[in-house]
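> pasting the sequence and the predicted model now:
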Amino acid sequence: MTPYGGSFSRVASAIGFVDACCGGNETIYEESVFAMIPAREQLPQVEARVESDGSDITPARAQGLILSLLWAAWAIAAFHVAYSSPNLSWLIVGYLICLLQLARARSGGQAFYFGLGVGLLTAAPQLVCFWKIFGPSAIALWFVVAFWIALFVAMARLVLSRFGGWWGALLIPFIWTGLEYFRSELYYLRFSWLNVGYDFSGSALMPMFRLFGMYGVGFVAMGVAVGIWMFWSRLRTPEDSQVAADRNVRAPRARWFAGGLAVMAVVLLFVHFNGLPAKPTSSEAKSFRVAGVQLEFPGEIEVVAALDKLFKAEPEAELLVLSEYTFDGPVPESVKAWCREHRRYLVAGGKDPAPNANFYDTAFVVGPAGDIIFRQVKSVPIQFFKDGLPAREQKLWDSPWGKIGICICYDLSYTRVTDRLIRLGAQGIIVPTMDVIDWGRRQHELHAMIAPVRAAEYGVSIFRVASSGMSQFVNGSGHLLAKAGFPGQQEILAGRLTMSQAGSLPVDRLLAPFATGVTGLAIVWIVVWGRGRRYIVA
């Protein structure tokens, strides 16, 4: 049985819902989104339908399938190219435009399945690590990730057909953000990787995260995509008299909407290639030297030897950091003695015993006297791993240099975990991490996209030490100051960590939950009140 044993049944149920709401195999006609009028008001010749028992494909339907296949292929290509380099991250907007084009499929079922195909062929090549970890069960995991793309495409078609071009276009960025937030943060199988926001990690647009946040950047990207898509649709679509008359009613607001988003797209592209000024650092900020070393499942003697090597290489470092699961239990006495002898602080991952033969995945802080002065348990253990019990609370370490938040590995992927540290007043974040060598280089690269985004969102420095790379030291602007490679055993990461004022939260921490609520209300409205009114959306 796969870890996601019930996933396929949930997907099947969702498909049934989408088909029911979208009207099954309802034919969609080639009119612009700017020309959407209620279906019952269409001209007789426009309302003509092609009857088919499904055994043949008419020329019109074949053209629709071929175009949908082309848009799906372009979506897949744009996504992988955008995720291949920070300099090409802006191409993610092209991926979003292609998804919008797939919403023009001839039926709700087609829209869903094309979205599912795109989601599967974007997720699987990026998340090959799932196969290395779970084996054949990875197929179910890939379908779970793909399901949210399919649901978006189907819902985009839904809101366009139920609310019309103008209101539907306004809703689409909220639908996208609501679904991204829900799948990343709010349900049991939550998984935030391959998010549109993470695509811009390391790009010149990093300062945008300070204002908009990860989900807000995705919202803006989808808004730009909608504006370009609508403007392009207006240019390419021929008019008849009925369409022209209806368009004249909606043209001013549509032009302002599309034009505004097009201007935004130009500004964002300019910023992407020219950058934004970084936030200045306060002259009163404290700083200290911090260093870490990459070790994967080391023995106790190996840890002590690695600390000796680290101390020799970085004698000025006041705080030393080791990865998650450095120890298969509490910190050994030999390591405590080392800290006492060298008068150094140490953050290291281990296991704290728990009742019923369980444990807590814990980051221990050892003081210069050799005693445990602070500990933080992992807040979100990884699903289907033997990863311990979740933390009962989050606290800050009141260090000699200021308030430091500690989160462990996968915790950094969840804004609700790191937001809590910022609300408590964290001035810097330490992240012990375990990424196993066998999981592959791409898994390490994807995981490394997260720390720069979090640092840029909050305006605080992050020092992240992974067991086999890619360890990172990132400043409060999201810029990479130092890194250690993959697999990089016993490779050293060091730098001067500046503790400025406490971080703050970007606006998407309000926007994303609001967008999720809007998405839920849109679904309720469509199901309860919207079934009698439809717009032609192709």
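Yep, that arrived. These figures come from a predicted structure and were not determined experimentally.
> all strands of the stretch 301-450 of the chain, in order?
Taking DSSP state E, counting those that start in this stretch as the criterion, the stretch 301-450 of the chain contains strands spanning 319-321, 345-354, 358-366, 372-377, 396-399, 402-406, 428-433.
> equivalent analysis for the stretch 151-300 of the chain, please.
Under DSSP E, counting those that start in this stretch, the stretch 151-300 of the chain gives strands at 286-293.
> check the separation of the first and last residues in stretch 401-418.
Using C-alpha to C-alpha, to the nearest Å, one end of stretch 401-418 lies 20 Å from the other.
> so where is the protein shaky, pLDDT-wise?
1-63, 233-284, 529-538 (pLDDT under 70).
> middle-most residue in it, spatially?
Asn195 (2.8 Å; C-alpha atoms, centre = their mean).
> contact partners for that residue?
Applying C-beta atoms under 8 Å, 6 or more residues apart in numbering to Asn195 gives the contacts 180, 184, 214-215, 218. The way it works is simple: take the backbone N, C-alpha and C, and place the C-beta from them, glycine included.
> kindly recompute the last result at 7 Å.
Residues in contact with Asn195 (C-beta atoms under 7 Å, 6 or more residues apart in numbering) are 180, 184, 214, 218.
> distance of the closest residue to the third one other than its chain neighbours from Met434?
Read that as Met214. Excluding its sequence neighbours, the residue lying closest to Met214 (C-beta to C-beta, 6 or more residues apart in numbering) is Gly197, at 3.5 Å. Separation of Gly197 from Met434 (C-beta to C-beta, to the nearest Å): 24 Å.
> quick one, which of the contacts of Asn195 are buried?
180, 184, 214, 218 (16 or more other C-beta atoms under 10 Å).
> quick one: the strands of the stretch 301-450 of the chain as CSV, columns for mean neighbour count too.
Listed next are the strands of the stretch 301-450 of the chain as CSV, based on neighbours: other C-beta atoms under 10 Å:
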stretch, mean neighbour count
strand 319-321, 25
strand 345-354, 21
strand 358-366, 23
strand 372-377, 19
strand 396-399, 18
strand 402-406, 24
strand 428-433, 29
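> hmm, back to that, which two from the contacts of Asn195 end up farthest apart in space?
Ser184 and Gly218 (9.9 Å; C-beta to C-beta).
> JSON lines for the contacts of Asn195, including distance to Pro353?
Formatted as JSON lines, these follow (distance: C-beta to C-beta, whole Å):
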{"residue": "Glu180", "distance to Pro353": "38"}
{"residue": "Ser184", "distance to Pro353": "32"}
{"residue": "Met214", "distance to Pro353": "36"}
{"residue": "Gly218", "distance to Pro353": "41"}
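> among these, which one lies nearest to Asp438?
For these, the nearest to Asp438 is Ser184 (25.7 Å; C-beta to C-beta).
> excluding its backbone neighbours, what's nearest that closest one?
Ser192 (3.6 Å).
> pull the number of nearby residues for the one you found.
20 (other C-beta atoms under 10 Å).
> same question for Trp401.
Counted with other C-beta under 10 Å, the neighbours of Trp401 add up to 19.
> report the separation between it and Trp131.
43 Å.
> and Tyr113, by the same measure?
23 Å.
> and these two? Which one has more around it.
More crowded of Tyr113 and Trp131, by other C-beta under 10 Å: Tyr113, with 20 against 16.
> ok so the more buried one is a helix residue?
Yes - assessed by DSSP: H, G, I helix; E, B strand; the rest coil, Tyr113 belongs to a helix.
> ok, and the closest non-adjacent residue to it?
Ala150 (7.1 Å).
> and the one you found, what does it touch?
With contacts defined as C-beta under 7 Å, 6+ apart, Ala150 is in contact with 112, 115-116, 119.
> quick check: the residue nearest to Ser184 touching Tyr181?
No - using C-beta atoms under 7 Å, Ser192 makes no contact with Tyr181, being 9.2 Å away.
> who's in contact with the residue nearest to Lys403 when sequence neighbours are not counted?
What sits nearest to Lys403 in space, not counting adjacent residues and going by C-beta to C-beta, 6+ apart, is Leu396, at 4.5 Å. Each residue near Leu396 by C-beta under 7 Å, 6+ apart is listed here: 403-405, 421, 424-426.
> closest to Val303 out of these?
For the contacts of Leu396, the nearest to Val303 is Ile404 (21.9 Å; C-beta to C-beta).
> thought the closest one was touching Gly425?
No - taking contacts as C-beta under 7 Å, Ile404 lies outside contact range of Gly425: 10.3 Å.
> from Asp398, how far off is Ala140?
44 Å.
> what does Leu505 give?
In terms of C-beta to C-beta, Leu505 sits 21 Å off from Asp398.
> now swap in Trp525 and tell me
For Trp525, the distance to Asp398 - C-beta to C-beta - is 49 Å.
> do the same with Ile76
Distance of Ile76 to Asp398, given as C-beta to C-beta: 49 Å.
> likewise Asp508?
According to C-beta to C-beta, Asp508 stands 29 Å off from Asp398.
> all helices for the stretch 301-450 of the chain, in order.
333-342, 415-423, 441-447, 450-458 (DSSP state H, counting those that start in this stretch).
> tabulate those helices (a markdown table), appending distance to Arg289.
Shown next, in a markdown table, are the helices of the stretch 301-450 of the chain (distance: least, C-beta to C-beta, whole Å):
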| stretch | distance to Arg289 |
| --- | --- |
| helix 333-342 | 14 |
| helix 415-423 | 22 |
| helix 441-447 | 25 |
| helix 450-458 | 18 |
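> just give me the neighbour total for Pro318.
No, residue 318 isn't Pro; it's Glu. Number of residues near Glu318 (other C-beta under 10 Å) recorded here: 17.
> that one contacts Arg289, doesn't it?
Yes - with contact defined as C-beta under 7 Å, Glu318 reaches Arg289; the gap is 5.7 Å.
> shared neighbours of those two, which are they?
Common neighbours of Glu318 and Arg289 (C-beta under 7 Å, 6+ apart) do not exist.
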